[in-house]
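Undergrad: Could you look at this predicted model? Sequence included:
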Amino acid sequence: MTIKTRSRVVVFILSWLVYMGLTSFTDLQEVLAGLVVALLVSMLAGHFYLSSPKRQRIFRRIGFGIIYFFRFLLEVTKANWQVALLVVNPVLPIKPGIIKIKTKLKKDSSITMLANSITLTPGTLTIDVNPKEKELYIHWINTTSKDIEEDTRIIGEKFEKILMEVVE
Amino acid sequence: MKSQEGMTIIVKTVTRISVWLIFVYGIYIIFHGHLTPGGGFGGGVIIALGFLNVFLAYGKEYIKKWLNIGLLHDLEATSAILFVGIGIIGIAMTGGFLANFLSKGTLFRLFSAGTIPLLNILIGAKVGVALFLVVWSLSLFHIDEGGEQ
Amino acid sequence: MILYILCFILLLVGLYGVLTKKDLIKIILSLSIMGYAANLFLILFAYKNDAIFPILSESAVQEAMVDPLPQALVLTSIVIELGITAMLVALAVRLYQKYKTFDITKIRSLSG
Amino acid sequence: MILPYFIIIPLLAAFLITLFSREKDYWSITVSTIASATMLVLSIVCFITLKGETFIYNLSGWKIPFTICLVRDSLSCFMIVIIQLISFTSLLFSVNYIRHISSSWKYYSLFMFLVAGMNGVVSTGDIFNLFVFMEIALFAAYALVSYGGKAFEFEAAFKYAVIGSISSTLILVGIGITYSATSSLTLAHIAQVLPQKPDILVWVGVLFLVGFGIKAAIMPFHAWLPDAHSSAPAPISSMLSGVLIKALGIYVLIRLFFNVFGAPPVFMNIFMVLGAASIIIASFLAIGQWDMKRLLAYSSISQIGFILLALGISTKLAILGAVFHIFNHAIFKSLLFYNAGSIEMAIGTRDLREMGNLKSVLPVTYSTSLIGTLSVSGLPPFNGFFSKLIIIVACVQAGYITYATIAIIGSLLTLAYFLKVQRYAFHGDKLFDVSEKSIGGGMKFAMLFLALLCVVTGVLLIPALRQSMLDPIVDTIFNKTEYIKLVLGSL
């Protein structure tokens, strides 16, 4: 089974579930229509859902995914607090600037997740990605250092370690 | 910075993972046009936006590999002809253009309301393809070409 | 009443834009604003206080509904405006190809 | 039963053309010609079998307040005959003409949309459906005006599209106000309710007058017409000038202001003033033109002025003149645009100063154009004479001596600027090395056919023919309240 076929099967199941969720699981007509819809969608747009070969130890990865979710919530709360302090501070001690960090992640999806997590965290915003050099350009509201290694440690590493376990 | 066609890897990955959802939702809106708000046009627009999402994220060359543009043109015309065809069958069966000649079914079920769901599907195909083709044709213009004066 | 007046002002804003702007794209945008004002008019005519949306559903009680016909008309007119806007944009692109400008004061091979 | 086919056939033809056409244009020419010929035959059958009655056709088999109805009465059948006649000849003319621009199927598809839109406008009995069909026709018209692909064509099409969209928006607002006042979109229902509400009638009337006045290119709203009609390819110019401004402008004005609003006197006075202004100003503007098609375009505005003036007088005789002039103008203006197109194709210019002595090299074009010229300027044996005579006589009968004078002056000015065309284009001492072989048989046939019609359609005024052909139309317009009874009575 090639990646494309596997990807189509996954999309088929997912779209059927979503269609059923939008309508109802009990109606036979809807079930049949859902199968048609899922077939259509998986033939049309299912070919690029997955991009890498089969992975091992699926339960371990789901577990790490849950851990990642809570870690992410924690980081968002912390960053929210820091930005709130900056906002209410009458002096407004901010130092906005664009920095570059390096990442060790290899896959498209993990880099995307890292970039989006950084964007969702208040105070930082991913601007661009250079996938060849594994670099992320980030706008930071309070640039404390200009060193790439230091920035990578502060912003990237807290997500990167767990993401490594989840996706790679 | 423009090393490759399309947008950055972030947009590409998100599009890759989420575009099927857009299509499912668009088709759901079309299929339930006679039961809930929406219908052929709304669902067709959503489907066209799904196509455009891939188009913007991945660029022109990818679309050429992915879709058969000539086939889409044919699909657009075919759905319009089928629409008129259903209308003419209406004349033949009951005497009015677009008259409802199928059984109406039970209310609030999927297969009900006679020809209306069929027409909705045809309109959805037509709108979804046509809107995408409009933007596609506009993107084929080269802005620096064909100067006069 | 105030809503109708505001809607009319929106129509006038669009008309002002069409008549005074010098940029093809701005003219197209102004036309869209005019179209939206007209659509808003239609929706306002159908509005009724304390009325529900005009869709039959399994659990709904029979109440006063707003008039669904103008909403259908607005959908149709939105479709038409979409087509016209696409047409205008295509024409604007072709005009840019020919004249290398969007400024209508420089696009003048016809008089009248 | 016959009426919906005038919308279905061109739509089906248009989609079949888009579906099956490839590089060559044979398929599209075949399909569109067959469709157009079928509709021409059907329309004549439809007009002859009508005998002054009114038929209602309900779409989708529902009853009137819930559905869109098509109304088949003498006026709409008459307009349908004109549209089919001109579109058929125009299609024959385009087969050769369009090939020297491009041999693409898109032209024929758009042409069919144009015909479908106009047929829809004249046959519908629902005001919003009228708006939709009008937009279909206009959309095709915008695209066809820019079909040649030159810079000025895009400019003209853009101008046309912008002004057309403004007027469409005004019409849409008018439709909204109408609906809020009458709670109906069927013209007959509106006709029952609206004349009892004079304050709303004024608002709606002004909006519709401006909106459809722009489509009809009446004098203060004419700015788009000379550009659009002169830039379009010649067969499209003849469609626009010959039929589109009548189907979308004059026909709708007649239907709304006579049958629906019941001919309120204040609007009739406005009609007369605008008509007289159009006649005079457009004639003077036309004299100054050197571009042949532009001159013809200004002439169209002036002739529309005649029709509007006659409508404003609104006696029975004047309406007869207006109806007959609609028919005549469609024929001779299309003919003159074909002549301009064939000259442009032969020697490659539209500037009168660069032409000369074409009568020896283009005999068919010359002779037909002479007939068209004499007809449009109102010289006796041709059809234009009779309609203008009726209009002027009606003016005098109704006591409007000033308007009669204006009409006579306008007629003389028409003669003046068409003699200018004849003088510069066909006489003179320039020599051109062209022959009429470059003009195809279809083009020649179209010109000769319309010239023949110019000569013979004067017979429509013979009382026996007039009673069966023109009088039912006049009655439909003149008996304003009959429309409601006929439409609602024949449910």
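TA: The structure has been received and is ready for your questions.
Undergrad: State which helix of chain A is the longest.
TA: Assignment by DSSP state H gives helix A:58-88 as the longest helix of chain A.
Undergrad: That one: which residues count as buried?
TA: A:64, A:68, A:71-72, A:75, A:79, A:83, A:86 (16 or more other Cβ atoms under 10 Å in any protein chain shown). (Each C-beta comes from the backbone N, C-alpha and C, glycine too.)
Undergrad: Equivalent analysis for stretch C:36-53, please.
TA: C:36-43, C:45-46.
Undergrad: can you put the residues you listed in CSV and add secondary structure and distance to A:D108?
TA: Formatted as CSV, these follow (DSSP: H, G, I helix; E, B strand; the rest coil; distance: Cβ to Cβ, whole Å):
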residue, secondary structure, distance to A:D108
C:Y36, helix, 40
C:A37, helix, 45
C:A38, helix, 46
C:N39, helix, 42
C:L40, helix, 44
C:F41, helix, 49
C:L42, helix, 47
C:I43, helix, 44
C:F45, helix, 52
C:A46, helix, 49
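Undergrad: Just give me the closest of those residues to D:S87.
TA: Looking at the buried residues of stretch C:36-53 and their distance to D:S87, the nearest is C:A38, at 30.7 Å (Cβ to Cβ).
Undergrad: Closest residue of chain A to chain D?
TA: Nearest residue of chain A to chain D: A:L44, at 21.4 Å (Cβ to the nearest Cβ).
Undergrad: longest helix anywhere in chain C?
TA: Ranked by number of residues, the top helix in chain C under DSSP H is helix C:68-99.
Undergrad: just checking, what packs against that helix?
TA: Helices and strands touching helix C:68-99, by 3 or more Cβ pairs under 8 Å, 6 or more residues apart in numbering or on different chains; DSSP states H and E, are helix B:116-140, helix C:24-46, helix D:127-145, helix D:151-182.
Undergrad: Any chance of those helices in JSON lines with distance to chain A and mean pLDDT as columns?
TA: Converted to JSON lines, the helices and strands packed on helix C:68-99 look like this (distance: least, Cβ to the nearest Cβ, whole Å; pLDDT from 0 to 100):
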{"stretch": "helix B:116-140", "distance to chain A": "10", "mean pLDDT": "89"}
{"stretch": "helix C:24-46", "distance to chain A": "27", "mean pLDDT": "90"}
{"stretch": "helix D:127-145", "distance to chain A": "30", "mean pLDDT": "91"}
{"stretch": "helix D:151-182", "distance to chain A": "35", "mean pLDDT": "90"}
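Undergrad: Tell me which of those sits nearest to D:E344.
TA: helix D:151-182 (13.3 Å).
Undergrad: Compute the inter-axis angle for that closest one and helix D:127-145.
TA: 180 degrees (axes from the mean of the first three to the mean of the last three Cα atoms, to 10 degrees).
Undergrad: can you tell me the residue of chain B closest to chain D?
TA: Distance from chain D to each residue of chain B (Cβ to the nearest Cβ) is smallest for B:G96, at 3.1 Å.
Undergrad: List the residues that contact that residue.
TA: B:90, D:58-62 (Cβ atoms under 8 Å, 6 or more residues apart in numbering or on different chains).
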